[in-house]
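> Just need the structure, nothing else, for what follows:
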Amino acid sequence: MSSKSAVPNGWRVRRTVKIIAARCTPSGIAGVDDYRYRVSLSGFEMPNERFLYTGLIRLHVLHHAVREPVYGLAMIEELGRHGYKVSAGTLYPILHGLEERGYLTSTEERSGSVARRVYSATEAGRVALAAAKSKVRELFGELFEDETQDGPGR
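Okay, the predicted model is just below:
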């Protein structure tokens, strides 16, 4: 039996994704959270549409963090109201990634014995959101321009 056949297929796929993730990070080194995030969004464990929505989820989180400090559970509930089914295992790596890239900053708030990490947008996050809004507005116009010119259901 060769060594390749002794390793389960799923392991090799995830290992490949980990190597790609290491090459894709700005620092060139993928952390554990980044690895889990990329594996869970790679299409192997989630539907393909979910991969497309992750950018929207990041923008949604950043939008709320600009308005007021946010925490994980509240964001999971907020995203759920908009039709996104996001687990803590997906959201927290997104929050950590936004923080690592300088878009969010976090502090720990304690209430008795309960601790909660609260995220707020940085100035870089505010600037990035403003730029993203412009791009989203442009995309939105292109996505729906046929409907506005010719009516819905073209």
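> tally of neighbours for Glu78?
Residue neighbour count, defined by other Cβ atoms under 10 Å, stands at 16 for Glu78. (Glycine included, C-beta is placed from N, CA and C.)
> for Arg117, same thing?
By the criterion of other Cβ under 10 Å, Arg117 has 14 neighbours.
> Wait, a helix at it?
No: counting by DSSP: H, G, I helix; E, B strand; the rest coil, one finds Arg117 to be strand, located in no helix.
> The chain: helices as residue ranges?
Ranges of helices within the chain are 3-6, 9-24, 32-40, 48-67, 72-81, 88-100, 123-150, based on DSSP state H.
> looking only at pLDDT, what's the mean for stretch 124-140?
Here stretch 124-140 scores 94 as its mean pLDDT.
> Can you find the helix or strand of this structure with the lowest average pLDDT?
Lowest by mean pLDDT, DSSP states H and E among the helices and strands of the chain is helix 9-24, with a mean of 40.
> Identify the residues contacting Arg58.
Going by Cβ atoms under 8 Å, 6 or more residues apart in numbering, Arg58 touches Ile94, Gly97, Leu98.
> which non-adjacent residue is nearest the first one?
I take that to be Ile94. Using Cβ to Cβ, 6 or more residues apart in numbering and skipping the chain neighbours, the partner closest in space to Ile94 is Arg58 (5.9 Å).
> Now do the same for that neighbour: its pLDDT.
Looking at Arg58, its pLDDT is 95.
> Distance of it relative to Val114?
Here the criterion is Cβ to Cβ, to the nearest Å. By it, Arg58 lies 27 Å from Val114.
> circling back to that earlier point, dump the contacts of Arg58 to a markdown table, plus distance to Glu142 and pLDDT.
A markdown table is the format used below for the contacts of Arg58 (distance: Cβ to Cβ, whole Å; pLDDT from 0 to 100):
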| residue | distance to Glu142 | pLDDT |
| --- | --- | --- |
| Ile94 | 26 | 95 |
| Gly97 | 27 | 95 |
| Leu98 | 26 | 97 |
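> out of those residues, who's nearest His63?
Distance to His63 across those (Cβ to Cβ) is lowest for Leu98, with 11.6 Å.
> My guess is that closest one contacts Gly125. True?
Yes: contact criterion Cβ atoms under 8 Å: Leu98 and Gly125 qualify, at 7.3 Å.
> if I look at those two, which residues touch both of them?
Leu62, Ala65, Leu104.
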